[in-house]
Each structure stands twice: as structure tokens, then as C-alpha cells.
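**Student:** Got a predicted model here, sequence first, then my questions.
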Amino acid sequence: EKAGYKHFMAKEIAEQPVVIADALRHYTTRDGAINLPESLDFSTVDRVTLVACGTAHYACHVAKYWFEQIAGLPADIDIASEFRYREPPLLPGAVAIFVSQSGETADTLAALRYAKGKVGKVLSVVNVPTSSIARESDLALPILAGVEVGVASTKAFTCQLTVLALLALKAGRDRGRLGPDELAQHLNGLRALPGLMNHALGLSGDVARIAEDLARSEDVLFLGRGAMYPLALEGALKLKEISYIHAEGYASGELKHGPIALIDDTVPVIVLAPRDALFDKTVSNMQEVMARHGRVLLVSDATGLAEAGAGVWRGLALPECPSLFAPILYAVPAQLLAYHTAIAKGTDVDQPRNLAKSVTVE
Ligand code: F6R
């Protein structure tokens, strides 16, 4: 059932181009329109609240940037365990979105039950369409990732992102923020992702060599700006989960507010920097790290590496990608780094210690 792969995680990382293409086919029409229920109308919505745990929460965090940028819609994110006990005020103009691979996460389910009846609509983005979270929501959108066995979530994350991106595009359209041409351009950008991810998967050998060194570190930092900030958080979570190396993700701009104190020549700093409007800002933070002898792994595209790669410890060149959807593509090297580092350390990739695939108790 591992289809020739050593681990479920490796198989699930490799499946991403196929399952994302499936999800895109499911949620778009042949003539290139978004195929989401018209009953889900964002034109009168005044707020989106996205709630989840762990990796699914980081998918929500990326989606916050999309709802704000694409649809001009205020978006809040929360961790389900905080949301459920904080009992935040919710208004009928809001849509609440609960994201869960298993659809059985206890805190996320409790958060959904709290929101029900208080917001205009309860939406779920799930991998298991028969799950409790799917059944109890007003509308459940399956992410179509297929069964995910590896405890560390990989393909579910990028499929969650894909469905959330389509929701943000629909919101942009419903609210008159996106004209037909712009919408078509964004959908083409999404459709390009499976091909770009195949290219990123081809970097596996390079990543494995970098991972040999990463495996000897005790602490690793991930940095990103904009929607790459939640990707930095996800990269760090994945690395600590399966390699047991302490890792933290930070917004690049936060570096000088504390974490820069950690930098020395033993701490690898992984900088996730697609060539977007914030590239120069991220590069200047990276240079501050290098000035303190930090060992930088710069993940960008070939032009980004040519422009800013002088003096970095290692570089990884991804294909160029529409910057809005870069978090989906950059998830691949983040996953591969965690996977190969765990392999280099000899840890149990599919069954990391202390973790369960489905967290049905709080
Ligand atoms: C990390 C991971 C967990 C889950 C979290 C939520 O790799 O898998 O952080 O994302 O436990 O699980 P679901 O999505 O099933 O609600």
C-alpha cells in the first residue's frame, strides 16, 4: 500500500500534484469557472473566522492572507482549543470555517458546536466527508486528498490550501473584487501548481544532502513574510514532529525583536522567500542573520538565488510561481526537509513518538 515508497509520508508527499489536480478539477468547471455551491454567497458576509488545530490551523493562517488580499474580507484565525474556551462574540454576518483532515479533532468539533447558530453559516473543509465535523456543519467541502496515513500531515495541508484558495477567489468574485479576467488568471495560476510541484519534488536528492547537515543541528529557525510566515510555522512544526529537532518559525520582521539572539554558526536558518513584493524585505532580514554567522538555507527561485544568494550556506531553487499561491508550492521543500532530516536521524517517520493521527480527546 506504500506503492513502492519507503514510508507513507514519502508517498503522500509525492501524491500532491495528482490530488491537487483532482481537487481543482472537482471545484472548477470545464470552461474555467469556480464550481462551489451558489448557496455560499460571500457578497453579504462581513467576516470570515477560520478555526483549526496544528497543520490545519496553519492552512487557515495562509487563507487569512488570501481572504484579505483577494476578497477584501476581514479574516480571523484561531486555534480551536483557545477559541472554544474563550467563547468569542460571533455575529450573524460571519462565516465560520473549520478545517480538519480527520474531521474528528475534539477541539475543532467543540469549536464548531460553539459557533453553530451564532454565525450565518458554518462551513467545514475536511478530508473525511463522513466525519463528525463534516456532518455537523451547514456545508462540508471535501479536500479530496485521499486517505492520509502518515501522522505528519502533508497532502492534506496542500489540498486544504487549494480549497481555501478557491473559497477566497469565490469571495473575491461574489464581492465584486475580482473581474472575470483576473479570476481566470488566478485559476490558471492554481492550475499550474501540480506541474510546478512535480518540479519541486525533483529537488528531493538536493534536499536529502542538505538534510544530512540539518540532522546534526539542535535548533533550526524558519523565516517567512506575508503568507510565507505561516509556511515558516508549518515547516518548523513538520521538522520537530518527525525529526525531534527543536524548530521555530518566525515572521521575518520579528527577528530583531528577540529571536536574532539565538543566531550563531550552529543554527541553520531556513528562509522561505519567493520573489514577491516582500522579497527584498526578507532578504535584508536574511542578511542580518548572515552578519551574525547564521547558516542560511535560502529557498527561492533561480532568479532569487542569483540576486540574493551570495554567501548563503545552501540554496534551493524552486520554479517561478504566481506569488499569491507560492505557499502551496513552498510546502513541498518544507515537507521534504523534514522527511529527509528524519531519515538522516533514523526516527520513525510515519509514527513519530507521542503523536496520534487523529486527536479525538482534548
Ligand atoms: C501535523 C498534524 C497535526 C494535525 C492536527 C489537526 O502534521 O498532522 O498538527 O494537523 O492534529 O488534525 P485534523 O486536521 O485531523 O483536525
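**Tutor:** Here it is on my side, so go on.
**Student:** near the ligand, which residues of the stretch 1-150 of the chain?
**Tutor:** Applying CB under 6 Å from any ligand atom, one finds that the stretch 1-150 of the chain approaches the ligand through 53-56, 100-102, 105, 108. The C-beta positions use only the backbone N, C-alpha and C, and glycine is treated the same way.
**Student:** hmm, try it at 8 Å
**Tutor:** 52-57, 99-105, 108, 127, 133 (CB under 8 Å from any ligand atom).
**Student:** Leu109 against Ala134, yeah?
**Tutor:** No: counting by CB atoms under 8 Å, Leu109 does not reach Ala134; the two are 10.4 Å apart.
**Student:** Find the closest residue to the ligand in the stretch 151-300 of the chain.
**Tutor:** As assessed by CB to the nearest ligand atom, the ligand sits closest to Ser153 within the stretch 151-300 of the chain, at 3.4 Å.
**Student:** er, the stretch 251-362 of the chain I mean
**Tutor:** Val359 (4.9 Å).
**Student:** Which pLDDT value belongs to that residue?
**Tutor:** Per-residue pLDDT puts Val359 at 86.
**Student:** Repeat that for Asp181.
**Tutor:** Looking at Asp181, the pLDDT reads 95.
**Student:** Find the helix or strand that it is a member of.
**Tutor:** Using DSSP states H and E, Asp181 falls within helix 180-201.
**Student:** what comes up buried for that helix?
**Tutor:** 183, 186-187, 189-190, 192-194, 196-197, 199-201 (16 or more other CB atoms under 10 Å).
**Student:** now these in a markdown table, with distance to Ala75?
**Tutor:** Below are the buried residues of helix 180-201 laid out as a markdown table (distance: CB to CB, whole Å):
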| residue | distance to Ala75 |
| --- | --- |
| Leu183 | 19 |
| His186 | 17 |
| Leu187 | 21 |
| Gly189 | 20 |
| Leu190 | 19 |
| Ala192 | 25 |
| Leu193 | 22 |
| Pro194 | 26 |
| Leu196 | 26 |
| Met197 | 25 |
| His199 | 30 |
| Ala200 | 27 |
| Leu201 | 31 |
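**Student:** who in the stretch 251-362 of the chain is up against the ligand?
**Tutor:** Residues of the stretch 251-362 of the chain lying near the ligand (CB under 8 Å from any ligand atom): 355, 357-359.
**Student:** which of those residues has the most neighbours?
**Tutor:** Using other CB atoms under 10 Å as the neighbour test, those are led by Val359, with 17 neighbours.
**Student:** ok, that residue - contacts?
**Tutor:** 53, 102, 105-107 (CB atoms under 8 Å, 6 or more residues apart in numbering).
**Student:** just Leu90 next, same as before
**Tutor:** 49, 96, 115, 118-119.
**Student:** pLDDT wise, what is the closest residue to Tyr244 other than its chain neighbours at?
**Tutor:** Spatial nearest neighbour of Tyr244, chain neighbours left out: Thr347 (6.2 Å); criterion: CB to CB, 6 or more residues apart in numbering. In this model, Thr347 is scored at 92, pLDDT.
**Student:** wait, doesn't Thr347 sit right on Lys240?
**Tutor:** No: when contacts are counted by CB under 8 Å, Thr347 is not listed as touching Lys240 (11.1 Å).
**Student:** how much space between the residue of the stretch 251-362 of the chain closest to the ligand and Asp107?
**Tutor:** 8 Å (CB to CB, to the nearest Å).
**Student:** Also Val220?
**Tutor:** Val220 is 27 Å from Asp107, by CB to CB.
**Student:** Run through the strands of the protein in chain order.
**Tutor:** 47-52, 75-79, 94-100, 121-126, 139-142, 219-224, 246-251, 268-272, 295-301, 314-318 (DSSP state E).
**Student:** I'd like those strands as JSON lines, with mean neighbour count and mean pLDDT appended.
**Tutor:** Below are those laid out as JSON lines (neighbours: other CB atoms under 10 Å; pLDDT from 0 to 100):
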{"stretch": "strand 47-52", "mean neighbour count": "26", "mean pLDDT": "98"}
{"stretch": "strand 75-79", "mean neighbour count": "20", "mean pLDDT": "98"}
{"stretch": "strand 94-100", "mean neighbour count": "28", "mean pLDDT": "98"}
{"stretch": "strand 121-126", "mean neighbour count": "25", "mean pLDDT": "98"}
{"stretch": "strand 139-142", "mean neighbour count": "20", "mean pLDDT": "98"}
{"stretch": "strand 219-224", "mean neighbour count": "25", "mean pLDDT": "97"}
{"stretch": "strand 246-251", "mean neighbour count": "20", "mean pLDDT": "98"}
{"stretch": "strand 268-272", "mean neighbour count": "27", "mean pLDDT": "98"}
{"stretch": "strand 295-301", "mean neighbour count": "24", "mean pLDDT": "98"}
{"stretch": "strand 314-318", "mean neighbour count": "20", "mean pLDDT": "98"}
